[in-house]
Every structure is written in C-alpha cells, then in structure tokens.
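Q: fold the following, please.
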Amino acid sequence: MSDYKPCPFCGSSDMKLYGHGQDWKFVTCSDCGADGPEELSADDAKAGWNRRADDANRDDKDSRGSIRSSV
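A: Residues are numbered from 1 along each chain as shown. I've put the predicted structure just below:
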C-alpha cells in the first residue's frame, strides 16, 4: 500500500500500516509516531490517514495551526 499523504504534524512521508490482531488497522508516521484512525480494512485505514492529512492542510487555520472557529 502506498500513496500516503504526508504527516499532518511533522510533514514526513514515511508511513507504516499496523494492525491489532486481524481486526483493526491503522497508519502510523514512522518519524513522529502520529496515528491515523483505526479501521477494519487496510484500504479504510489508508483513506482515514489521507483524510486526516487533508484536514491539517486546511486554509482556515490560524498562525499556530489551530482551526479557526466560525462562531
């Protein structure tokens, strides 16, 4: 499995797919240890990681990287 988006925390492109037994899979950044969401399939774990990476690159972040509230 390839095509992981960079880590939203450290920018690394070195990701590994791990699992808990035969059920849960998740992607981990090999540099900073950030984990993606646990999913039931490797494809869903990859999609979850890539979705999370998209969220970290949003245009509505402030200068510290926090998501700005619209409230």
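Q: helix, strand or coil: sort out Lys46 for me.
A: Assigned with DSSP: H, G, I helix; E, B strand; the rest coil, Lys46 falls in the helix class.
Q: can you count the residues close to it?
A: Neighbour count of Lys46, defined by other Cβ atoms under 10 Å: 22. For the C-beta atoms, the positions are set from N, CA and C on the backbone; glycine is no exception.
Q: phi and psi next, for Asn50.
A: phi -70, psi -30 (degrees, to the nearest 10).
Q: for stretch 35-43, what is the average pLDDT?
A: For stretch 35-43, mean pLDDT is 95.
Q: just stretch 48-63 next, same as before
A: Rounded mean pLDDT across stretch 48-63 is 67.
Q: what's whatever helix or strand Asp43 lives in packed up against?
A: Using DSSP states H and E, Asp43 sits within helix 42-56. Helix 42-56 sits against strand 15-20, strand 24-29, with contacts defined as 3 or more Cβ pairs under 8 Å, 6 or more residues apart in numbering; DSSP states H and E.
Q: relative to strand 24-29, how tilted is that helix?
A: Helix 42-56 and strand 24-29 are oriented at 40 degrees to each other (axes from the mean of the first three to the mean of the last three Cα atoms, to 10 degrees).
Q: what about helix 42-56, distance to the chain center?
A: Distance, stretch centre to chain centre, for helix 42-56: 5 Å (Cα atoms, centre = their mean, to the nearest Å).
Q: neighbouring contacts of it?
A: Outside helix 42-56, the residues that touch it by Cβ atoms under 8 Å, 6 or more residues apart in numbering are 1, 3-9, 15, 17, 19, 25-27, 36-39, 65.
Q: switch the cut-off to 6 Å
A: With Cβ atoms under 6 Å, 6 or more residues apart in numbering as the test, helix 42-56 has contacts from Met1, Tyr4, Lys5, Pro8, Leu17, Lys25, Phe26, Val27, Gly36, Pro37, Glu39.
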